[in-house]
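Peer 1: How does the following fold in three dimensions:
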Amino acid sequence: MLQGYNKKATLLYLQRRFCDAIAECRRALELQPYHFGAASGMGLCHLQLGEHQKAVAAFDIALSINPTLADIRSLHGSLKKSLAETAAEAGGGGGSSSGSGGGSPMGGSLP
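Peer 2: Next comes the predicted model:
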């Protein structure tokens, strides 16, 4: 059943139904909090939606589970740099809205 949620999330991502894909990723993470594929997939969906802070948070979770995800690490670093530059230019916060939702395997909130 767990893989079903993740496969459905992948299909929804390919159909550009990013909000629906995020919901499926959350279901997968509820069943298996250490499913780095669901966490990274959720981050990719948030990235497509322009929700950069939520993408960084999801990538944080994925990288805490599996630090060897080179592509996710690269995206994560680029997003964090972009958010920091935006914050510096604005003189404060920067990025899009922060996440809320279920708990992460590392004790934080899912984006």
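Peer 1: what about Leu29, neighbour count?
Peer 2: The tally of other residues near Leu29 (other C-beta atoms under 10 Å) stands at 29. Using the backbone N, CA and C atoms, a C-beta is placed for each residue, glycine as well.
Peer 1: and what of the one 5 residues further on?
Peer 2: Under the neighbour criterion other C-beta under 10 Å, Tyr34 is assigned a count of 13.
Peer 1: now swap in the one 3 residues further on and tell me
Peer 2: Other residues near Gly37 number 20, with proximity taken as other C-beta under 10 Å.
Peer 1: Quick check: chain neighbours aside, which residue is closest to it?
Peer 2: Asn6 (5.8 Å; C-beta to C-beta, 6 or more residues apart in numbering).
Peer 1: Report pLDDT for the most centrally placed residue in the chain.
Peer 2: By C-alpha atoms, centre = their mean, the chain has its centre lying nearest to Gly43, at 2.2 Å. pLDDT for Gly43: 98.
Peer 1: What distance do you get for it to Ala62?
Peer 2: Computed as C-beta to C-beta, to the nearest Å, the Gly43 to Ala62 distance reads 6 Å.
Peer 1: where do the contact lists of those two overlap?
Peer 2: Common contact partners of Gly43 and Ala62 (C-beta atoms under 8 Å, 6 or more residues apart in numbering): Ile72.
Peer 1: who touches stretch 37-47?
Peer 2: For stretch 37-47, contacts defined as C-beta under 8 Å, 6+ apart pick out 5-6, 9-10, 13, 18-19, 21-22, 25-26, 28-29, 32, 52, 54-59, 61-62, 65, 69, 72, 75-76, 79, 99, 104, 110-111.
Peer 1: Any buried residues in stretch 52-70, and which?
Peer 2: Buried positions in stretch 52-70, judged by neighbour count with 16 or more other C-beta atoms under 10 Å: 52-63, 65, 69.
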